[in-house]
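Q: What shape does this take:
(3 chains)
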Amino acid sequence: MNHNYVVMVVVLLVWAALFFYLLRLEKKIDKLIKETRKD
Amino acid sequence: MSWAAETRTILKKELRSEFRRRWSSALLLLFGLVTVFVVSFSLGAGSLTPGLLSAFFWVTLFFASTAGLSRSFLKEEETKTILALRLLASPPSVFWGKLCFNLLLLFFLELILVPLFFVWMNVSGINASGFLLILLLGSLGLVAGTTLAAAMVAKAESKGVLFVILAFPVLAPLLIFAMAGTKAAFAGAGWEQLANPVKALVSYAVVIGAGSSILFDFIWEV
Amino acid sequence: MYIKWMRWLLLIWLSAVIVFAFVQPAPQQQIGETSRIIYFHVPCAWLCVLAFFMTALLSVRYLLKKDMTLDAKASLSAQLGLLFCLLATVSGAIWARFAWGAFWNWDPRQTSIFLQLLIYFAYFSLRGSIGETEKRATFSSAYAILAFLTVPFLIFIVPRITPSLHPSDTVIGKEQKFNMGPVVRWIFFSSLAGFTLLYYYLYRLGAKIKVAELNRKGMA
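A: Have a look, this model is predicted:
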C-alpha cells in the first residue's frame, strides 16, 4: 500500500504544477491581449 | 451537358490522354509487377498461408496504387489544362470521371497482376467468386480513398511522400477489411464467413466515396 | 466569465480523482495495481477522439463559413488531440506490457489509436506543406473531415473483423467483459468527466491565444 501513496503524491504534485503553470500562462495572455487592445 | 454525359466525357478524355502518354499505367504496372516478383522470388518453391498470401496481395496493390494513382491530377498541373477543366466541367463530373478512370486503371493492373500472382505464388483451393467480389469492392474503396488526396497533392511540393502520408490512414480500414476477406477467400471459406468483410467494404466504399465527392467540390474551387 | 470558477472546479475534481484512484482498491485483481492506469489511459483515448471530432466539426463549419478563426481552432483541437493520442498510446503500451506481456500486439484498439496518430501526423504534414492561406485551411479541413469518416470504421467495425486475423486479447472486448464494481465505476466516470473538463479548459485557453495571434496578423 505504501508505494501507492508515494505515487499518488507525485501525481498530485505534477498535476498541481501543470495546473498552476496553465494559470500563469492564461494571466500572461490576458495581460498581452489587454495591452495590444489599448493601442 | 447532363451530369452523366459530362462524367463520361471526362472519362473518355482521361483514357485518350493516358493512351497518348502513359502517365499512370506504366508506373502502376511496374510497381505491381516488381513487388510480386520480389515476394515470389524470395519464396522460391515454397507456399504461404492464406493470411500471408492475402497480406502480400494487398500490400502489392497498395504500393502500386500509391505509385500510380497519385498522378491523376498531376498531368493537369503539368500541361496547364487545369484551368480549362475548371471552366468547362462541374466539380462532381471531374471527380467521378477521374475516379472511374482510376478504377479502370486498377482493373487493368489487376487483370495482369492476379493471374501472375496466382501462378507465381501457387495459389489454389480458393473461393474464386468470393475473392473476385472482395477484389472488386476493395478496388472501389482504393480509388474512393485516393482521389481526394491526389487532388490535394497535385499542387504541393513533395507530392509522392505527401500522397502516401495522406492516403495511408484513410485507406487503412479498407486494407484491414480487404485482407480479412481475401484471407477467408484464400482459405476456401464459404459466404457466411465473407459476409462481414463484404458488408464492411461496401459501407466503406459508399461512405468514403460520398464524402470524398462532397469534399472535392471545396478543394476544386480553391 | 464562467470559465473563471470552472478552473478551480477542475483542479479539485481531478485532484479528488487522483486520490480516489490510488486509495481505493485496484480495479482488476488479476492484473493488480497496474490496472489503476485505466483511470488515466481511457480518458486520454476518449479525449483524443473528442478532440478529433471537434476538429472535424470546426472544419465543417470552416468550409461553410470560410472564417479563419474556425480553421485556427480546428488546428488547435488537433494539437490537443495529438497530445492525448500520444499519452493514450504510450500509457496503453505500458499497460499492455504488464497485462498482456508485450508492449504491442496489434489488438484492434491499439491499431485504431496508432492509425489516429497517423491521421494527426498526416493532418499536420498537409498543413506544413502549404503556406498560411485560405487554401491551407480548405485542404486541411477537407482532410480532417475525410479522416474523421474513417474513425467509426476503426472504432466499431475493425474489432468485429480482425478476430479472424488475430486472437482478440483486448480486455474491454465483447468476449471478456471488464467488470467494474460500483466504486470503480464512480471513479472511472468521474475521471472521464474531469478529463473532458480539462479538454474544455485547454481548448478555451488555446483558442484565446489563436484568436489573438490571428488578430495581430490581421486575418480574423
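Q: and chain C, which residues reach chain B?
A: C:63, C:111, C:115, C:118-119, C:121-122, C:125-126, C:129-130, C:134-135, C:138-139, C:141-143, C:145-147, C:149-150, C:153-154, C:157-158, C:160-162, C:164-165 (Cβ under 8 Å from any Cβ of the partner chain). Any C-beta I mention is one placed from the backbone N, CA and C, and that applies to glycine too.
Q: Any of the residues you listed buried? List them.
A: C:63, C:111, C:115, C:118-119, C:122, C:125-126, C:129-130, C:138-139, C:141-143, C:145-147, C:149-150, C:153-154, C:157-158, C:161-162, C:164-165 (16 or more other Cβ atoms under 10 Å in any protein chain shown).
Q: Mind checking which residue lies nearest the centre of chain C?
A: C:Cys48 (1.0 Å; Cα atoms, centre = their mean).
Q: wait, what's in contact with the residue of chain C found nearest chain A?
A: Nearest residue of chain C to chain A, counting by Cβ to the nearest Cβ: C:Phe22, 3.7 Å away. The neighbours of C:Phe22, taking Cβ atoms under 8 Å, 6 or more residues apart in numbering or on different chains as the test, are A:4-5, A:7-8, A:11, C:36.
Q: how many other residues sit next to B:Ser25?
A: 15 (other Cβ atoms under 10 Å in any protein chain shown).
Q: Quick one: list the elements packing against the helix or strand of chain C with the lowest mean pLDDT.
A: Sorting the helices and strands of chain C by mean pLDDT, DSSP states H and E puts helix C:158-161 at the bottom, at a mean of 81. Other helices and strands packing on helix C:158-161, by 3 or more Cβ pairs under 8 Å, 6 or more residues apart in numbering or on different chains; DSSP states H and E, are helix B:159-186, helix B:191-221, helix C:108-129.
Q: Make JSON lines out of those helices and add mean pLDDT and distance to chain A.
A: Putting these into JSON lines (pLDDT from 0 to 100; distance: least, Cβ to the nearest Cβ, whole Å) gives the following:
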{"stretch": "helix B:159-186", "mean pLDDT": "91", "distance to chain A": "30"}
{"stretch": "helix B:191-221", "mean pLDDT": "91", "distance to chain A": "32"}
{"stretch": "helix C:108-129", "mean pLDDT": "92", "distance to chain A": "22"}
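Q: dump the residue contacts of the residue of chain A found nearest chain B.
A: Chain A approaches chain B most closely through A:Leu18 (29.9 Å), counting by Cβ to the nearest Cβ. With Cβ under 8 Å, 6+ apart as the criterion, no residue contacts A:Leu18.
Q: what secondary structure does B:Gly125 sit in?
A: Classification of B:Gly125 using DSSP: H, G, I helix; E, B strand; the rest coil returns coil.
Q: contacting residues for it?
A: B:Gly125 neighbours (Cβ under 8 Å, 6+ apart): B:Gly188.
Q: State the pLDDT value of it.
A: At B:Gly125, the pLDDT value in this model is 73.
Q: what's around the residue of chain A found nearest chain C, how many residues?
A: Closest contact between chain A and chain C, by Cβ to the nearest Cβ, is at A:Met8 (3.7 Å). By other Cβ under 10 Å, 17 other residues sit near A:Met8.
Q: So it sits against C:Val17, correct?
A: No - assessed by Cβ atoms under 8 Å, A:Met8 is found out of contact with C:Val17, at 11.0 Å.
Q: Show me which parts of whichever strand or helix holds the residue nearest to the centre of chain C are buried, residue by residue.
A: Using DSSP states H and E, C:Cys48 maps to helix C:38-65. Across helix C:38-65, burial judged by 16+ other Cβ under 10 Å covers C:38-52, C:54-63.
Q: Which neighbouring elements make contact with the helix or strand just after that helix?
A: Using DSSP H and E, the helix or strand that follows helix C:38-65 towards the C-terminus is helix C:68-100. For helix C:68-100, the packing partners by 3+ Cβ pairs under 8 Å, 6+ apart come out as helix C:38-65, helix C:108-129, helix C:134-152, helix C:182-217.
Q: what residue ranges in chain A score low on pLDDT?
A: A:1, A:39 (pLDDT under 70).
Q: And for chain C?
A: C:1-3, C:28-31, C:163-179, C:219-220.
Q: before we move on, the earlier item: now the host helix or strand of the residue of chain A closest to chain B: buried residues?
A: Assessed by DSSP H and E, A:Leu18 sits inside helix A:2-38. Buried residues in helix A:2-38, counted by 16+ other Cβ under 10 Å: A:8, A:11, A:15, A:19, A:22, A:26.
Q: what's the angle from that helix to helix C:38-65?
A: 20 degrees (axes from the mean of the first three to the mean of the last three Cα atoms, to 10 degrees).
Q: Report the contact partners of the residue nearest to C:Ile157 when sequence neighbours are not counted.
A: Distances taken as Cβ to Cβ, 6 or more residues apart in numbering or on different chains put B:Ala200 closest to C:Ile157, at 5.2 Å, once the chain neighbours are dropped. Applying Cβ under 8 Å, 6+ apart to B:Ala200 gives the contacts B:173, B:177, C:153, C:157, C:161.
Q: hmm, try it at 10 Å
A: B:137, B:141, B:173-174, B:176-178, B:180-181, C:153, C:157-158, C:160-161 (Cβ atoms under 10 Å, 6 or more residues apart in numbering or on different chains).
Q: ditto for B:Phe95
A: Contacts of B:Phe95 (Cβ under 10 Å, 6+ apart): B:7, B:10, B:89, B:147-148, B:151, B:209, B:212-217, B:219-220.
Q: mind checking which helix or strand it is in?
A: B:Phe95 belongs to helix B:91-120, assigned by DSSP H and E.
Q: Give me the mean pLDDT for that helix.
A: On average, helix B:91-120 scores 89.
Q: What are the buried residues along that helix?
A: B:91-106, B:109-110, B:113-114, B:117-118.
Q: how deep is the residue nearest to B:Gly68 when sequence neighbours are not counted tucked in, by neighbour count?
A: In space, and not counting its chain neighbours, B:Gly68 is closest to B:Leu28: 3.0 Å by Cβ to Cβ, 6+ apart. When neighbours are counted by other Cβ under 10 Å, B:Leu28 registers 27.
Q: what does chain A have sitting close to chain C?
A: A:1, A:3-9, A:11-12, A:14-16, A:18-20, A:22-23, A:25-26, A:29-30, A:32-33, A:36-37 (Cβ under 10 Å from any Cβ of the partner chain).
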